[in-house]
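Student: Need coordinates for the below:
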Amino acid sequence: MAKVVRKRWASEIAEGLSRRDRRSCEYEAYVPDRLEGRRFQLNGDVAADVTDAERAVERLHAQSAALVDTEALARLLLRAESVASSRIEGLEVGSRRLLRAELERDLGEGVRDVTAHEVLGNIEAMRWSVAQISAGVPIRAEHLLECHRRLLSGTRMEDYAGTIRARQNWIGGSSYNPCSAVFGPPPPEFVASLVNDLVAFCNRDDLPAVAQAAIAHAQFETIHPFADGNGRTGRALIHLVLRRRAAATTALVPVSLVLATWSRDYVESLTRFRYRGSANTSAAHEGINQWVAFFARAVQRAAEDAIAFEGRIRELRDAWREQLGSPRANSAVSLLLDVLPGAPLVTVNGAAALIGRSFQSTNEGIRRLLKAGILVQINIGRRNRAFEAPGVVDAFTALERQLASPEGDTRTSPPTRRVPRR
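Tutor: Numbering: from 1, shown residues only. Here you go, the predicted model:
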């Protein structure tokens, strides 16, 4: 039975802050129902929304599988999802800025951009997480802990990375006490068992995959098991569930880009998920259905826009080939055209490793692409030359802008949040 428990917060701050931040108080913490063993009933229209979402994910899978280099699209969509998940937490960084920071790191220059460093941590955590899970592979609590460790590695919260919280946390209000919090997650003594229950639920097979991912994400965000990084880890869990159920195996659905756009409905639907009392009440049933319906619509929208993006990348690459007079198959130039969508900023050494060719042949291929205007040269640090495919960066920017529009068209429905300029 979902319940609210009252707890006492005893402030240890005597001076140096406002009275509001120093005070002690009684506060409420929400303890959700456990998921394992429960049966979930979806209303007819909600079940239809879930079916539509799963069909859209299947179409994205089929489209991406048809690409010559499926991995290129997979890398782009993983990056889009990670950037958007970070943006929900207030970490804003543009595509070019992030690409430069990533290359600086890979070249040993050191990442001076703190925000970009945190977003790169999210990309690494997401990349590692989805690589661990494939169809039928069980999700374990250790997956979530390691994902979280990688996410916070090298940040100011590194001391808390990969560990279940031992103190109360909260959302909203003061940073120093939960007295005016908007939501209080379960007290720490409940957290470990709730995480184990959540993981057991994630390994069930009796619900549609999209509905299961929706409920798992909402439960994770309700438990809020970590001191920081809960939102990003909880959105990574969405993709672990979809991969385990073989619903999205080749490319991530960039659902966080839609959740960031529909942020008010996102928060309201999560709140409705957190009913009080028995799981058999109408409030519990309606709250879960509202959340699953919202989530399914977000997945469908993200998948459909990703399919359109795949089409733009395919057209861009075909235009490159036509511009170059259909380069010989398996030549360095041809192989570079295949990998550039997933790696739009490269050095000669990095490109050579991607296509499995020598430095010399890769360098000659890059020269040809520079001459054609497909690549442009930029400098990283003092001595490093790098090469950017601006067409890919522009297409990625267009995807971000499109998914920031409530109606999917920035010409008639302006973005509702900050997005990169064209």
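Student: When you work out contacts or count neighbours from here on, use the C-alpha atoms and nothing else.
Tutor: Will do.
Student: Please enumerate the strands of this protein.
Tutor: Using DSSP state E, the strands found in the chain span residues 3-9, 25-31, 345-346, 376-380, 384-388.
Student: now these as TSV including mean pLDDT and mean neighbour count?
Tutor: Formatted as TSV, the entries for the strands of the chain read as follows, by pLDDT from 0 to 100; neighbours: other Cα atoms under 10 Å:
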stretch	mean pLDDT	mean neighbour count
strand 3-9	95	14
strand 25-31	96	18
strand 345-346	87	24
strand 376-380	87	15
strand 384-388	88	18
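Student: The ones you listed into TSV, with extra columns for distance to residue 239?
Tutor: Supplementary listing: those in TSV, determined by distance: least, Cα to Cα, whole Å:
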stretch	distance to residue 239
strand 3-9	29
strand 25-31	25
strand 345-346	26
strand 376-380	33
strand 384-388	29
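Student: Quick one: closest of the ones you listed to residue 295.
Tutor: Each of the strands of the chain was checked against residue 295 via Cα to Cα, and the shortest separation belongs to strand 25-31, namely 22.1 Å.
Student: That closest one pairs with which strands, parallel or anti?
Tutor: In the sheet, strand 25-31 lines up against strand 3-9 (antiparallel) (DSSP bridges).
Student: got the contact list for the strand it pairs with?
Tutor: With contact meaning Cα atoms under 8 Å, 6 or more residues apart in numbering, strand 3-9 is reached by 24-33, 177-179, 276-277.
Student: List just the one of the strands of the chain that sits closest to residue 317.
Tutor: For the strands of the chain, the distance to residue 317 is smallest for strand 384-388, at 14.6 Å, taking Cα to Cα.
Student: count of residues packed around the closest residue to residue 155 other than its chain neighbours?
Tutor: What sits nearest to residue 155 in space, not counting adjacent residues and going by Cα to Cα, 6 or more residues apart in numbering, is residue 118, at 6.9 Å. By the other Cα atoms under 10 Å criterion, the neighbourhood of residue 118 contains 20 residues.
Student: same thing with residue 106?
Tutor: Residues near residue 106, counting by other Cα under 10 Å, number 12.
Student: mind checking how far residue 290 is from residue 47?
Tutor: Residue 290 sits 11 Å away from residue 47 when distances are taken as Cα to Cα, to the nearest Å.
Student: ugh, typo on my part, it should be residue 389
Tutor: As defined by Cα to Cα, residue 389 lies at a distance of 42 Å from residue 47.
Student: Who has more neighbours out of the two?
Tutor: Summary of the neighbour comparison: residue 389 and residue 47, criterion other Cα under 10 Å, with residue 389 having more neighbours (21 against 18).
Student: if I read this right, the more buried one contacts residue 337, doesn't it?
Tutor: No. Using Cα atoms under 8 Å, residue 389 makes no contact with residue 337, being 9.8 Å away.
Student: With adjacent residues omitted, what lies nearest to residue 227?
Tutor: Counting by Cα to Cα, 6+ apart, the nearest residue to residue 227 once its immediate chain neighbours are dropped is residue 165, at 5.5 Å.
Student: ok, that neighbour touching residue 189?
Tutor: No. Counting by Cα under 8 Å, residue 189 is not a contact partner of residue 165; they are 9.5 Å apart.
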